[in-house]
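> What shape does this take:
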Amino acid sequence: MITAACELAIGQGLRIGMPVSKAQAMVPDLRIEAADPAADHQSLERLGLWLLQRIAPIVAVDPPDGVVIDVTGADHLHGGEEALLEMLLGRLTLSGITAHLAIADTWGAAHALARHHRKTKACIALPGSTASVLAPLPLAALRLPPATVAGLLDLGFATIGDLIDTPRAPLTLRFGPDLCRRLDQALGAVGEPIDPLRPEGLIEVRRSFAEPIGAAETIARSITRLVTDLCTALEARGEGARRLDLLCWRVDNRIETVRVGLAVAQRDPKRLTRLLCNKIPSIDPGFGIEIMTLTAALAEPLVPRQATTLLEQAPPDITDLVDMLSNRVGHRAVYRLAPVASDVPERSVTRIGALSPDQGIGWPGHWPRPSRLLPRPEPIDTMALMPDHPPNWISWRGIRYRVVRADGPERIFGEWWKRDAEAKAVRDYFCIEDEAGHRFWIFRAGDGEDATTGSHCWFIHGVFG
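Residues are numbered from 1 along each chain as shown. Here you go, the predicted structure:
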């Protein structure tokens, strides 16, 4: 039987579950490789461990071809659900992995959408819309045995929507309890706990409570003890934590997760405790928390450093501020700008981590650059004497500015080694100032004479402070 097929084979009419003999009859030169379920499972576990370190604290293998991730409480660190899916899909694609992703309220719904919603490679089911998005999907999306799916098809059921409003007693009597259990798990009526992956050598501490806890003060005291134990274990191994995962197991089998990241490796109990306690308002204890675990999902070697002499002033330590802001608004929102070796303005700057080391490239100083560079050049209306004169006035966003001072042109050529279309491209930049003292950075596409160098249209690219 065919267990997996590439897109080219599927385009030839082959499908998963088809006998190999039939496939060979349809495609005579078909390349066939023996399946290796054990190796596939190991590959899924490696992918799951990678996701555990970078995406969310709860990741589990969903065999034979999937991984389930609980991103509750961790999606904001990646800029939201849409940004998370875009980033994850891009990373997997660059790694050569063909993936379909889905976010939903339940594991069962996400499983069904990822495998049977083929309109897009990534989809998000809005909260509370589980029943409506599952209704048009086939019965196989409920993770039912093939015999159960065949029996339901014989009775006239074709989609999940056909089962939602059907009385449960006859279905349970004929097909057993698994059918209704899978349906309730997908709809969220019955919980489905995830057993998260835990790699070997992971530093983890755990506390169990004789009575479930729920008060914020009690949770804070437990976090303090967990952090102390974790820092002791980290010190024994000479490591510091870069990412911490706090898992709170509730009495109703739900898991509340908290993930905090650190800019540099740390094992300072006070700092780690403060970062975790700031997340207590996001923890819903429900009817009580019976187990709490704290894990150093990402750890790095941390060796003591020699302190500076009395004559040298130590540089200010802003790592605590960076950690606090990154865990509040997401690490993507905390960055600094660094120069890139490029004359094209929009390519000459990039975002790097707030504490990333200098890359050894300086900012160009031969021409002034605006303090605010627009995300993309915006067209403006103007009048100028070509080829080398600045404009007399510009109209931008419906407002007209009369130019009283100008400096330029600064000619910038296209980077022909990147795109053939830039072989003759030219931009002439001007710094202009209006009557009110507003200063703008504008350019003309083209040299003002040869039409092959640009459209000769004018654009605004930046604003001086």
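> what residue ranges in this structure score low on pLDDT?
305-314, 364 (pLDDT under 70).
> Show me where the stretch 151-300 of the chain has its helices.
Under the criterion DSSP state H, counting those that start in this stretch, the stretch 151-300 of the chain contains helices at 160-164, 168-175, 177-187, 216-237, 269-277.
> With respect to Arg259, which of those lies nearest?
Taking Cβ to Cβ, helix 269-277 is the member of these nearest to Arg259, at 9.9 Å. The way it works is simple: take the backbone N, C-alpha and C, and place the C-beta from them, glycine included.
> Please name the residues that touch the residue lying closest to Val68 once chain neighbours are set aside.
Nearest residue to Val68, sequence neighbours excluded (Cβ to Cβ, 6 or more residues apart in numbering): Asp62, at 4.5 Å. For Asp62, the contacting residues are Leu44, Val68, His111, by Cβ atoms under 8 Å, 6 or more residues apart in numbering.
> how about 10 Å then?
Counting by Cβ atoms under 10 Å, 6 or more residues apart in numbering, Asp62 touches Leu44, Gly48, Val68, Ile69, Trp107, Ala110, His111, Ala114, Arg115, Arg143, Ile194.
> Equivalent analysis for Ile223, please.
207, 246, 248, 258, 272-277, 279-280, 283, 292, 294.
> In the record's domain split, what are the boundaries for the chain?
1-35, 37-187, 203-301, 372-463 (automatic domain parsing).
> In CSV: those, plus distance to Arg336.
Output for those, formatted as CSV (distance: least, Cβ to Cβ, whole Å):
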stretch, distance to Arg336
domain 1-35, 41
domain 37-187, 18
domain 203-301, 12
domain 372-463, 15
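> closest one to Arg347 among those domains?
Nearest of those (Cβ to Cβ): domain 372-463, 7.6 Å.
> now the end-to-end length of the closest one.
End-to-end distance for domain 372-463: 5 Å, by Cα to Cα, to the nearest Å.
> Could you shift the numbering so residue one becomes 35, and keep it that way?
Taking 35 as the first residue, the last one we looked at is domain 406-497.
> The nearest residue to Leu173 once chain neighbours are set aside: neighbour count?
Sequence neighbours aside, Val183 is the residue nearest to Leu173 in space, at 4.9 Å (criterion: Cβ to Cβ, 6+ apart). When neighbours are counted by other Cβ atoms under 10 Å, Val183 registers 18.
> Doesn't Val183 belong to a helix?
Yes - when classified by DSSP: H, G, I helix; E, B strand; the rest coil, Val183 is found to be part of a helix.
> Doesn't Val101 lie inside a strand?
Yes - assignment of Val101 by three-state DSSP places it within a strand.
> give me the number of residues near Thr487?
Thr487 has 20 neighbours, counted by other Cβ under 10 Å.
> who touches it in this structure?
Applying Cβ under 10 Å, 6+ apart to Thr487 gives the contacts Phe447, Gly448, Ala457, Lys458, Ala459, Val460, Arg461, Asp462, Arg478, Ala479, Gly480, Asp481.
> Grab the two from these that are most spread out in space.
Ala457 and Arg478 (18.6 Å).
> Which one of those two is surrounded by more residues?
Between Ala457 and Arg478, counting by other Cβ under 10 Å, Arg478 is the more crowded of the two (27 against 13).
> So that one belongs to a strand, correct?
Yes - under three-state DSSP, Arg478 sits within a strand.
> Go through this structure and flag its longest strand.
Looking across the chain with DSSP state E, the single longest strand is strand 433-447.
> where's the helix or strand following that strand relative to the chain centroid, distance-wise?
Moving toward the C-terminus from strand 433-447, the next helix or strand (DSSP states H and E) is strand 460-468. A distance of 38 Å separates the centroid of the chain from that of strand 460-468, by Cα atoms, centre = their mean, to the nearest Å.
> now swap in stretch 201-218 and tell me
Put simply, stretch 201-218 sits 37 Å off its chain's centre (Cα atoms, centre = their mean).
> quick one: Ile395 and Val383, what's the gap?
For Ile395, the distance to Val383 (Cβ to Cβ, to the nearest Å) stands at 11 Å.
> okay, and the common contacts of these two?
Taking Cβ under 10 Å, 6+ apart as the contact rule, Ile395 and Val383 both touch Ala372, Pro373, Val374.
> Report the buried members of those residues.
Using 16 or more other Cβ atoms under 10 Å as the burial test, the shared contacts of Ile395 and Val383 include Ala372 as buried.
> Which ones among the shared contacts of Ile395 and Val383 map onto strands?
Reading strands off these with DSSP E, I get Ala372, Pro373.
> I'd like the shared contacts of Ile395 and Val383 as JSON lines, with distance to His400 appended.
Formatted as JSON lines, those follow (distance: Cβ to Cβ, whole Å):
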{"residue": "Ala372", "distance to His400": "19"}
{"residue": "Pro373", "distance to His400": "13"}
{"residue": "Val374", "distance to His400": "17"}
